[in-house]
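1. Take this sequence and fold it.
(one chain, ligands or ions: 1)
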Amino acid sequence: MSAKIISGTETAKVIREELKAEVAELVEKHNVVPGLVTILVGEDPASQSYVAAKNKTAHALGIHSEQVTLDADTSEADLLALVDKYNNDEKIHGILVQLPLPKHIDEAKVLYAIDPDKDVDGFHPVNVGKMVIGEQCFLPCTPHGVLELIQRAGVETSGAEVVVVGRSNIVGKPVANLMLQKRDGGNATVTLCHTRTKDMEFHTKRADILIVAAGVANMIKADQVKDGVVVIDVGVNRVGVTDSGKAKLAGDVDFDSVKEKAAAITPVPGGVGPMTITMLMKNTVQSARQFAGLA
Ligand SMILES: NC(=O)c1ccc[n+]([C@@H]2O[C@H](COP(=O)([O-])OP(=O)(O)OC[C@H]3O[C@@H](n4cnc5c(N)ncnc54)[C@H](OP(=O)(O)O)[C@@H]3O)[C@@H](O)[C@H]2O)c1
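-> Sure thing, here's the model as predicted:
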């Protein structure tokens with residue numbers, strides 16, 4: 001059996017079309033233009049390309065987007081003042097500070113300074129807390145993307161054994177939390193694995209849905225999963241260079257062998273990756289609705 005491929009590229013395309021229509025309606029009927037600002041400190045090439053992709057996508061959907069690039073030696077105080085300026089800018093509904101920040105800046109201090117109502121990355125403790133207790137909030141983009149992929153692929157989560165590998169604050173912990181929420185797309189029995197897990201294979205082999213976010217190329221092999229598993233591979237690992245000089249990427253799951261046992265699987269690239277930026281756009285549109293009293 002070869003698995004059904006859950007394409008993040010295709011799913012993201014569908015959601016982006018939905019968002020484009022929603023933005024057009026917000027503009028026409030309510031004169032509301034969703035606004036996003038991205039703030040980049042320094043010249044890290046990967047961060048530059050992420051920020052460029054976010055602005056390009058925003059533009060394509062009709063979202064007003066501003067991109068601010070600051071020198072690497074910008075002070076923490078200046079960055080906080082900029083965040084405060086956008087907290088009070090009515091044209092802006094979403095503020096994204098691209099991570100990582102230079103070492104002399106306290107990342108938490110900056111993220112906590114963002115108005116939780118404009119925290120479209122979903123990293124502010126107010127939004128994290130609301131997510132945990134199941135209240136309406138901005139969900140962090142990658143876990144939100146994982147949820148959408150699973151739901152839109154028609155995978156039943158209620159009562160399913162979900163195993164998550166990785167417990168980071170941006171992927172593993174929130175994704176595990178979302179899967180156990182008492183609502184559609186949740187209601188799973190969740191196990192969270194990490195480097196201190198004693199017998200990881202015992203857990204991964206029980207999974208009906210296996211979500212891997214460890215950052216270790218090809219670590220999950222076919223003999224660690226059961227027949228018919230649904231696999232969501234969040235990992236993005238640079239494993240070389242393609243003939244055209246681009247980075248060669250691999251997931252955390254050994255795609256070629258695992259796809260022969262799985263019922264469905266996401267590829268890398270083209271799986272969770274395209275969903276992350278799309279969920280940022282979804283959060284920005286949601287924020288604009290909330291500010292306009294339309295949510
Ligand atoms: N597609 C996207 O949009 C997107 C977004 C974010 C991240 N990612 C990718 O997802 C991966 C994870 O990112 P992250 O930020 O969550 O990484 P992270 O902060 O480095 O966390 C990795 C987690 O995996 C666990 N882990 C590492 N090696 C393990 C092993 N051999 N066995 C069991 N657990 C192991 C770690 O356990 P300990 O806690 O015990 O150390 C940690 O909890 C990376 O490849 C990253 O590039 C993709």
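
2. mind listing what's buried in stretch 67-82?
-> Neighbour counts over stretch 67-82 (16 or more other C-beta atoms under 10 Å) mark 67, 74, 76, 79, 82 as buried. C-beta here means a position set from N, CA and C on the backbone, and glycine is covered the same way.

3. With the flanking residues excluded, which residue is spatially nearest to the closest residue to the ligand within the stretch 1-150 of the chain?
-> Taking C-beta to the nearest ligand atom, the ligand has its nearest neighbour within the stretch 1-150 of the chain at residue 142, 4.0 Å off. Nearest residue to residue 142 in three dimensions, chain neighbours excluded: residue 276, at 4.8 Å (C-beta to C-beta, 6 or more residues apart in numbering).

4. I'd say that neighbour and residue 139 touch.
-> No. The criterion here is C-beta atoms under 8 Å, and residue 276 misses it with residue 139 at 11.5 Å.

5. More neighbours: which of the two?
-> The residue with more neighbours, out of residue 276 and residue 139, is residue 139; 26 against 23, by other C-beta atoms under 10 Å.

6. That one falls within a helix, correct?
-> No. Checked against DSSP: H, G, I helix; E, B strand; the rest coil, residue 139 lies outside a helix; its state is coil.

7. among the buried residues of stretch 67-82, which are in helices?
-> Applying DSSP state H to the buried residues of stretch 67-82, the entries found in helices are 76, 79, 82.

8. Which residues of the stretch 151-295 of the chain lie near the ligand?
-> Proximity of the stretch 151-295 of the chain to the ligand (C-beta under 6 Å from any ligand atom) is limited to residues 165-168, 170-172, 193-197, 200, 213-216, 219, 234-237, 272-273, 276.

9. Low-confidence regions, the stretch 1-150 of the chain specifically.
-> Applying pLDDT under 70 to the stretch 1-150 of the chain picks out residues 1.

10. for it, what spans make up the strands?
-> Along the stretch 1-150 of the chain, counting by DSSP state E, counting those that start in this stretch, strands occupy 4-5, 35-41, 64-70, 94-97.

11. Let's have the ones in helices among the buried residues of stretch 67-82 in a markdown table, adding distance to the ligand.
-> A markdown table is the format used below for those (distance: C-beta to the nearest ligand atom, whole Å):
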| residue | distance to the ligand |
| --- | --- |
| 76 | 23 |
| 79 | 22 |
| 82 | 25 |
